[in-house]
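Undergrad: Have a look; sequence and predicted model below, questions after that.
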Amino acid sequence: MMLLLKLLLAPALVVGSSLAGRRWGAQVTGVLVTLPVVAGPILLITCLEHGTAFGAAAASSSLLGLVTLALFAVAFAWCSRRMRWAGALATAWAACLVADLAVAQVSLPAWWGLPVTLAGIAAASRALPPVEAEVGVRPTRTWPWWDLPGRAAATACLVLLVTTLSGALGPEMTGVLAPFPIATSVVAAFVLARHGSAETVRTLRGVLTGLVGFAVFCFIVAVLVDRWGTAAAFGLALTVTVAGQLAWLRSRASRRPSTVPA
């Protein structure tokens, strides 16, 4: 049942964030796609199968996994200026996996992991390339019928692959792989293929903004799941994360002009 939820929730988030991005812009897509709809179920299953102490250690390691996700965003953004989506994705994945193997060897308590993660996200935001006008790239006004189903199917396949590979690993590697850029990869690749580099950079800037809420989710689970239990810790973490993302979106909407192109 939990695997079924993962396979359904992640594609639903990608589709929903894609539709929101068409309405409110690429940066909103990036923020929404970083909700812990993939990492959350992975950490939850870890707690249910191996106990809350194991789950707390995995959640602590997930904080460092968010740093490698930020590295993915920076690598993909820079590669998008000279490569097509497949080359950019392969390069960014390689950078992310190498970094995952490195940080999996590091064990930090959540109280140290959170500031390290926030510092990494801030550094990645500064390392993104500037958004420049692109010559010869025309905004897409219509989408083919297979666009959203393709995004959903690609997300489901990636979720299945990563969860299968991480199932037999210990808490450190499981935690580091939990935030692996699954939905982010699908969204970034489709945006680059359809809209070009400038829109891709805007989307990935939104991803880095959304990672702050993601980090708070992992931190709350790490420090509370062994004390409060699985249901209470995950419930609080999800509530705080969703509330924070909605507050950011509402704040951003209040700063937008009254006339917005569809």
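TA: Cool, the structure landed.
Undergrad: Can you show me the strands along this structure?
TA: With DSSP state E as the definition, the chain shows no strands.
Undergrad: Listing request: residues of it with sub-threshold pLDDT.
TA: Low-confidence segments of the chain (pLDDT under 70): 1-3, 5-6, 21, 25-27, 132-143, 163, 166-167, 252-262.
Undergrad: biggest helix in it, by residue count?
TA: Longest among the helix segments of the chain by residue count, using DSSP state H, is helix 197-228.
Undergrad: ok, and for that one, which residues are buried?
TA: Across helix 197-228, burial judged by 16 or more other Cβ atoms under 10 Å covers 197-226, 228. In this view, the C-beta of every residue, glycine as well, is placed from N, C-alpha and C.
Undergrad: Then stretch 40-58?
TA: Result for stretch 40-58 [16+ other Cβ under 10 Å]: buried residues 40-47, 52, 54-58.
Undergrad: Can you flag which of the residues you listed belong to helices?
TA: Those of those lying in helices (DSSP H): 40-47, 52, 54-58.
Undergrad: Over to the most centrally placed residue in the chain: give its phi and psi.
TA: Geometric centre of the chain, nearest residue: residue 34, 3.6 Å, by Cα atoms, centre = their mean. Note on residue 34: backbone dihedrals following degrees, to the nearest 10 are phi -90, psi 10.
Undergrad: tally of neighbours for residue 157?
TA: Look at residue 157: counted by other Cβ atoms under 10 Å, it has 14 neighbours.
Undergrad: Equivalent analysis for residue 91, please.
TA: Residues lying near residue 91 (other Cβ under 10 Å) number 16.
Undergrad: List just the nearest of the ones in helices among the buried residues of stretch 40-58 to residue 168.
TA: residue 46 (12.0 Å; Cβ to Cβ).
Undergrad: these two touch, right, that closest one and residue 170?
TA: No - the criterion here is Cβ atoms under 8 Å, and residue 46 misses it with residue 170 at 10.3 Å.
Undergrad: Between those two, which contacts overlap?
TA: Shared contacts of residue 46 and residue 170, defined by Cβ atoms under 8 Å, 6 or more residues apart in numbering, are absent.
Undergrad: still on that earlier bit, check the gap between the residue nearest to the centre of the chain and residue 232 for me.
TA: 23 Å (Cβ to Cβ, to the nearest Å).
Undergrad: So for the residue nearest to the centre of the chain, what's the nearest residue that isn't a sequence neighbour?
TA: Taking Cβ to Cβ, 6 or more residues apart in numbering, and ignoring the residues beside it in sequence, residue 34 has residue 210 as its nearest neighbour in space, at 3.1 Å.
Undergrad: which one is residue 236 nearest to, not counting chain neighbours?
TA: In this structure, residue 236 finds its nearest non-sequential neighbour in residue 220, 5.9 Å apart by Cβ to Cβ, 6+ apart.
Undergrad: Pretty sure the one you found sits against residue 235.
TA: No - the criterion here is Cβ under 8 Å, and residue 220 misses it with residue 235 at 9.9 Å.
Undergrad: List the contacts of the residue nearest to residue 47 when sequence neighbours are not counted.
TA: The spatial neighbour of residue 47 that comes closest, neighbours along the chain excluded (Cβ to Cβ, 6+ apart), is residue 55 at 3.3 Å. Counting by Cβ under 8 Å, 6+ apart, residue 55 makes contact with 43, 44, 46, 47, 171, 221, 225, 226, 230.
Undergrad: Who are the contact partners of the nearest residue to residue 208 once chain neighbours are set aside?
TA: In this structure, residue 208 finds its nearest non-sequential neighbour in residue 125, 4.8 Å apart by Cβ to Cβ, 6+ apart. By Cβ under 8 Å, 6+ apart, the contact list for residue 125 reads 205, 208, 209.
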